[in-house]
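K.L.:
Provide a 3D model corresponding to the input given below.
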Amino acid sequence: MAASNPPSEMANGAPLQTAVNPNLPPATASLSYWQRTTRAFKYLNHNQTKTPPASTTYAIIGSGLAGVLVAYNLLERGVQGEEILILEAREAVSGSTGRNAGHVRPDAFRNFSGYQAFHGSEQALKIVATEETNLKRIAAFIRDKQIQCDFNLTTTFDVCLGPDAVEDEEKNIKDYLDAGGNLASLGVKCWYGDAAAEKSSCPGASAAYEWPAASIHPVKLVHWVLEHVIERGVQLWTHCPVDEIREDSAKLGVQTSRGVVSADKVVHCTNAFAGGILSQLTAERLTPFAVQVASVIPSAAASGDKTFKSTMALRENARMFYGFAQKPLDGTIIVSVGRPVSKGVQAEESHTPQVAEEIVQRISKLIGPNDEPQRSGEGLDTTWTGLIAFTPDKVPYVGEIDELPGQYICAGFNGHGMANIFTCAGGIAGLLLGRPWESTQLPECYRYSQARLSKSA
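P.N.:
Numbers count the residues shown, from 1 in each chain. Sure thing, here's the model as predicted:
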């Protein structure tokens, strides 16, 4: 779930002094709720002390959803598992996928105006359609494979708590409809006044917009895919960060902390950290921001038959929101704060106590008063930070890196990775096998190019 724009200031108007430097992932990152609840995964630290193979056909950097789905799609297209190597700087699924807020949330009409301003109406409509397709694909994949990953296909609400939030939503709707969009085809329902508060279960809501979405345990999903591809021969090396890539005669030399791997093709699936290897992705072209997420154990007021069935974004204004999802199996509430955390928080290593307290207060306000005394174990469970990777034009970098033959990228998801990666990873796999861009069926504006980068110079 993304912020509307790459932020230049805090929600309170204070200047945002620094973004996180796009260098190698820190080894001492805090554990997210998703990581804490999957510590028994047998490939978590796979091959962590062994020397990686001397050569491979496909080297995939990053073991998050993008990386493992590229591997999966290559296998499905006939590539042998032994030809694929996944390199991970830390334990498996330790980056953005493992640290997100558990949403699979297409934008629907949200952010349409911004997409339209950068890319025109046709491309903006394709972005909306791509995210809708992505939700259908991930739902079908999980259903067909019977993956146990707490997937909950439900609806989501954009809940407006102030007039400028409503104004922003209505502008996006108008621009979407004027461009030929159809709210009914997306399953969008609009509620206003008392109906908004009633339908969203959010006191004080002046408007609420509802459409299909899902929540998920993202790490459980990726662990399933990882186990599947490893059993088909794909090699995984964890705790093996890549420092640089250099041309090595006819191949690419992938320099890791434990030696060089010679590869025919390299795929960068490192999202916010892609600029640590690809120097052309300066902080202006791929901007990582740390945002804070927390898991909360609800009181009786949001337990049992009082749990929230839909996910939501609580929008206090056009720039500030709280992401909210309650897990249907155990009732844990996951809350994200839709703005960067304060200066001084170093990437994924720590969190801001004041933001954690803000989350607790926001949840209490949403749930309402509890008639029973708070019990030990209720309230804030754990909090962590993760990185959102913003691009100047709001869409990810996907495709071959034209100035670096043999290298490809699938990164820079603007907080919308779970809403895009199922479509993007399949497209990348086709490109790796020589298929044209048109075969990806992705919006043309997603395509990486030097010309696109030059616009943000």
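K.L.:
switch to C-alpha atoms for all contacts and neighbour counts from now on
P.N.:
Noted.
K.L.:
which residues in this structure form helices?
P.N.:
For the chain, the helices defined by DSSP state H occupy 33-36, 65-76, 112-145, 163-178, 183-186, 194-200, 218-231, 353-367, 421-432, 450-454.
K.L.:
contacting residues around the fifth one?
P.N.:
Counting contacts by C-alpha atoms under 8 Å, 6 or more residues apart in numbering, the residues outside helix 183-186 that touch it are 108-109, 132, 177, 189, 211-212.
K.L.:
Which ones among these map onto strands?
P.N.:
189, 211-212 (DSSP state E).
K.L.:
Just the buried subset of those residues, please.
P.N.:
Buried members of the ones in strands among the contacts of helix 183-186, counted by 16 or more other C-alpha atoms under 10 Å: 211-212.
K.L.:
okay if I get the ones in strands among the contacts of helix 183-186 as JSON lines plus distance to Gly276?
P.N.:
Output for the ones in strands among the contacts of helix 183-186, formatted as JSON lines (distance: C-alpha to C-alpha, whole Å):
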{"residue": "Lys189", "distance to Gly276": "42"}
{"residue": "Trp211", "distance to Gly276": "37"}
{"residue": "Pro212", "distance to Gly276": "36"}
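K.L.:
From the ones in strands among the contacts of helix 183-186, pick the one nearest Thr49.
P.N.:
Checking these against Thr49 by C-alpha to C-alpha gives Pro212 as the nearest, at 43.9 Å.
K.L.:
just checking, that closest one touches Asp158?
P.N.:
No. With contacts counted by C-alpha atoms under 8 Å, Pro212 stays clear of Asp158, the gap being 11.5 Å.
K.L.:
Out of the helices of the chain, the one nearest Phe289 is which?
P.N.:
helix 353-367 (15.2 Å).
K.L.:
re earlier: now the two most distant members of the contacts of helix 183-186.
P.N.:
Every pair of the contacts of helix 183-186 checked by C-alpha to C-alpha; the farthest is Leu177 and Pro212, at 18.4 Å.
K.L.:
quick one, which of the helices of the chain is nearest to Ala313?
P.N.:
Once the helices of the chain are compared by C-alpha to C-alpha, helix 194-200 is nearest, at 10.3 Å.
K.L.:
quick one on the thing from earlier: in a markdown table, list the helices of the chain along with distance to Lys394 and mean pLDDT.
P.N.:
A markdown table is the format used below for the helices of the chain (distance: least, C-alpha to C-alpha, whole Å; pLDDT from 0 to 100):
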| stretch | distance to Lys394 | mean pLDDT |
| --- | --- | --- |
| helix 33-36 | 27 | 98 |
| helix 65-76 | 18 | 99 |
| helix 112-145 | 7 | 98 |
| helix 163-178 | 15 | 97 |
| helix 183-186 | 21 | 98 |
| helix 194-200 | 28 | 96 |
| helix 218-231 | 23 | 99 |
| helix 353-367 | 26 | 79 |
| helix 421-432 | 15 | 99 |
| helix 450-454 | 12 | 95 |
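K.L.:
need the contact list for the closest residue to Ile333 other than its chain neighbours.
P.N.:
Spatially, and ignoring its direct neighbours in sequence, Ile333 is nearest to Gln326 (4.2 Å; C-alpha to C-alpha, 6 or more residues apart in numbering). The contact partners of Gln326, by C-alpha under 8 Å, 6+ apart, come to 307-311, 332-334.
K.L.:
Show residues contacting the lowest-mean-pLDDT helix or strand in the chain.
P.N.:
Every helix and strand in the chain was compared by mean pLDDT, DSSP states H and E; the lowest is helix 353-367, with a mean of 79. Contacts of helix 353-367 with the rest of the structure, by C-alpha under 8 Å, 6+ apart, involve 202-203, 292, 294, 296, 301-302, 335-337, 341, 379-380, 383.
K.L.:
Please identify the buried residues of it?
P.N.:
The neighbour-count check on helix 353-367 (16+ other C-alpha under 10 Å) flags 355-356, 359-360, 363-364, 367 as buried.
K.L.:
which among these gets closest to Gln35?
P.N.:
Using C-alpha to C-alpha, those come closest to Gln35 at Ala356, 18.6 Å.
K.L.:
Just the endpoints, please. Distance across stretch 26-35?
P.N.:
Using C-alpha to C-alpha, to the nearest Å, one end of stretch 26-35 lies 16 Å from the other.
K.L.:
Just the buried positions in it, please.
P.N.:
Buried, per 16+ other C-alpha under 10 Å, within stretch 26-35: 29-35.
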